[in-house]
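Chemist: 3D model of this:
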Amino acid sequence: MARFLRPLLQGTTYTRLLHLWVPLLAVSLWLFIDPSTPWVPALVLVPVGLIPAVRRGEGVQARLLLTPSEEDSGISETPSVTWRDRGRTVLWLEARMALGAAASCASVWLPLIAFDLARLAGGQVPGGIPLLDTVRPHWAYALLVPLPLIALYGAVVGFGELITALARWLLGPSAAERLAALEERTEQLLERTRIARELHDSIGHALTVAVVQAGAARAAGDPEFTDRALAAIEETGRSSLEDLERVLGVLRESRQPVSGRPTLADADRLLESARASGAKVDAEVTGALETLPGPVSREGYRILQEALTNVLRHAGAVPVRVRVAVADGVLVLEVRNPLTVAVPGPGRGSGLRGIRERAALLGGRARTGPDEGDWQVHAELPMG
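Modeler: Prediction:
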C-alpha cells in the first residue's frame, strides 16, 4: 500500500501535472475570445513548432518540470537544426496540448463526481454532474465515492508518466546530437589516455634516471662522481616537476594550449640526461627539426624519452645509438642498444605499448624488439 501511494509524496508528480496544465492557459484565453473555434490554438502550434528556439524552450521546461531530479533525463535543450527536429517539435506541442486537455478534464470532473456521489449518499440531490441529476439519493453511493478518486490518482500519475515518455522520444537528442555527444566523450577519453601517457613517460623517465644515478654513485664511492650524479638527479627532478605541473594544469583547465609541451627541439636535454646516467649515447640528427608540425614533434619527443628510459631501466649504462631523421615528409626515430640479458625492472610493458599508440594516433607505425643482436625502437611518423 505504501508503495502504491508513494507518488503522492513525490514533488515530481505535481510538477508534471503543472506541466500538463500550462498549455491550457492559452487555450482557455482563446475560448474566452472565440469559443466557436476551439481548433485554432492547435493550428497555431504548427508554425510555432517550426521556430528553432521553441525546441530549446520546451526542452528546458520538460527537464525542469518532468525530470527535475534526473541528471541525464534524455531530453535535449538545443534548438532545432534539421526539419526532422522541427517536425518532432510540432508533434510534441500537439501531443502536449491533447494530454493537457485530457488531464485537465480528469482533474476537474473526477473530483466533482466524487463530490456528487457523497451528496447522494447523504440524501441530497446533486447538481454538478448532469448524468447524476436523475439518480435518487441512497446511502450505498458512499461505497462508490473512492472510485473517482482512485481514477483521479491513476490519471494524474499515468498522464505524468506518459508525457515524460513522449518528451524523451520527441525532445530527445537527434542522431546528430548523439553523434556529437559520443565524439565529445571519445575526446575526453583520449585526453585522459594522453595525460596518463604523459605522466608515465615524464615521471617514469625521471625516476629511472634518479635510480640509476643513485645506484651508480653508491657503487662508485667517488665524491666527485657522486656530486655529478646528484646534480643530474636534481636537474632531472626539476624537469620532471615542470612536466608534472604542466599536466596538472591540463587537468585544471582542459582548454589550456599544448604549446608548452616539450618537442624534439629539446631532445638535447634527454640525451644529456642519459649520458649523465652513464650511457654512451651516439646521436645523429639529420633534417630540419623546426619544420616538424607541433603534434609530430611533441609525440616524437615522448617516443624518444620512453625509448631512452627503457634502455636505462633494462640495460643500464650501455652504448646507445640514436638516429633522428626528417626526410620525404616522414620523421624517423631509431634507438638501438646492445641486447643484454633481461634485467628485472618495474613496469609491465605499458611504455612500449604507449610508443606504438602514439605512432598510430599520428598515422605512423612503430616497431620494438630484438633486431640483429640489438634492442631496437624504430618509429616513423608522417608529417602530413
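Chemist: please make it C-alpha for all contacts and neighbour counts, starting now.
Modeler: Noted.
Chemist: Asp282: what secondary structure?
Modeler: Under DSSP: H, G, I helix; E, B strand; the rest coil, the three-state class of Asp282 is strand.
Chemist: could you measure from it over to Arg323?
Modeler: Between Asp282 and Arg323 the distance, using Cα to Cα, to the nearest Å, works out to 8 Å.
Chemist: run through the neighbouring helices and strands of the helix or strand where Ala231 lies.
Modeler: Secondary structure assigned from DSSP states H and E places Ala231 in helix 223-252. When contacts are defined as 3 or more Cα pairs under 8 Å, 6 or more residues apart in numbering; DSSP states H and E, helix 223-252 sits against helix 175-220, helix 267-276.
Chemist: in the stretch 251-384 of the chain, where is pLDDT below threshold?
Modeler: Scanning the stretch 251-384 of the chain for pLDDT under 70 picks out 251-260, 341-350.
Chemist: and the strands in it?
Modeler: 280-286, 319-327, 330-338, 365-371, 374-382 (DSSP state E, counting those that start in this stretch).
Chemist: of all those, which lies closest to Pro223?
Modeler: strand 280-286 (21.4 Å; Cα to Cα).
Chemist: so which elements touch the closest one?
Modeler: The contact analysis (3+ Cα pairs under 8 Å, 6+ apart) places strand 280-286 against helix 267-276, strand 319-327.
Chemist: at 10 Å instead, please
Modeler: helix 267-276, strand 319-327, strand 330-338 (3 or more Cα pairs under 10 Å, 6 or more residues apart in numbering; DSSP states H and E).
Chemist: hang on, the earlier thing: of Asp282 and Arg323, who's got more company?
Modeler: Counting neighbours by other Cα atoms under 10 Å for Asp282 and for Arg323 shows that Arg323 has the greater number, 17 against 14.
Chemist: contacting residues around that one?
Modeler: 282-286, 304, 332-336, 378 (Cα atoms under 10 Å, 6 or more residues apart in numbering).
Chemist: how far away is it from Asn337?
Modeler: Distance from Arg323 to Asn337, by Cα to Cα: 12 Å.
Chemist: do the same with Arg353
Modeler: In terms of Cα to Cα, Arg353 sits 19 Å off from Asn337.
Chemist: next: Val60.
Modeler: Val60 is 62 Å from Asn337, by Cα to Cα.
Chemist: go on, Arg119?
Modeler: 100 Å.
Chemist: looking at those two, which is more packed in?
Modeler: Comparing Arg119 with Asn337 by other Cα under 10 Å, the one with more neighbours is Asn337, at 23 against 20.
Chemist: list the contacts of Leu24.
Modeler: By Cα under 10 Å, 6+ apart, the residues touching Leu24 are 30, 41, 96-98, 100-101, 104.
Chemist: of these, which is the nearest to Gly363?
Modeler: Taking those together and measuring to Gly363 by Cα to Cα, the closest member is Arg96, at 50.8 Å.
Chemist: what about the helices in the stretch 1-150 of the chain?
Modeler: In the stretch 1-150 of the chain, the helices defined using DSSP state H, counting those that start in this stretch lie at 2-5, 11-33, 40-49, 52-65, 83-121, 146-170.
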